[in-house]
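Take a look and give me a structure for this.
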Amino acid sequence: MKANELRIGNLFRDKYNTKNHFKVCGLSENITFDYITFNNWQAEPIPLTEEWLLKFGFDEEIKDYLGFYRFKKGKFVVVREQNVYGYPYEDYEGNEFDLELEHIHQLQNLYHALTGEEL
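Model prediction:
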């Protein structure tokens, strides 16, 4: 994981106890998680799963073999093909692509970048 992927509000889990989740509250030389500062932090990204999408408020729609997860009946959609999640988009020439999303913080950062709101 790269430090430049971090943003305040991102969720992570404890490397040794994956049931413990932390929220980034501050960034400086140290990273502050939920009022705890770690110098040698042992956090790791949380894998993106259907369970997390539903927790965030996405609704599932099934079309053919693809799963579509639409956020609160809006235009923000995450697509699942088998166990791979992606964000579909078109470039200026109309070519379609999927931006692969593996972790919760990637979805949080993308959603914030596109909407200006927190997920």
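
By mean pLDDT, point me to the weakest helix or strand of this structure.
Least confident helix or strand, the chain: strand 36-38 with a mean of 50, by mean pLDDT, DSSP states H and E.

Outline the domain layout of the chain.
The chain breaks down into these domains under automatic domain parsing: 3-45, 50-115.

Using a markdown table, lay out the ones you listed together with mean neighbour count.
For every residue, glycine as well, the C-beta is placed using N, CA and C. Formatted as a markdown table, these follow (neighbours: other CB atoms under 10 Å):
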| stretch | mean neighbour count |
| --- | --- |
| domain 3-45 | 13 |
| domain 50-115 | 14 |
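
any idea which helix is longest in the protein?
Longest helix in the chain, counting residues (DSSP state H): helix 104-115.

So for that one, mean pLDDT?
For helix 104-115, mean pLDDT is 90.

helices and strands around it, which ones?
strand 11-14, strand 43-45, helix 50-56, strand 96-101 (3 or more CB pairs under 8 Å, 6 or more residues apart in numbering; DSSP states H and E).

The second one pairs with which strands?
This points to strand 43-45. Paired neighbours of strand 43-45 in the sheet (DSSP bridges): strand 11-14 (antiparallel).
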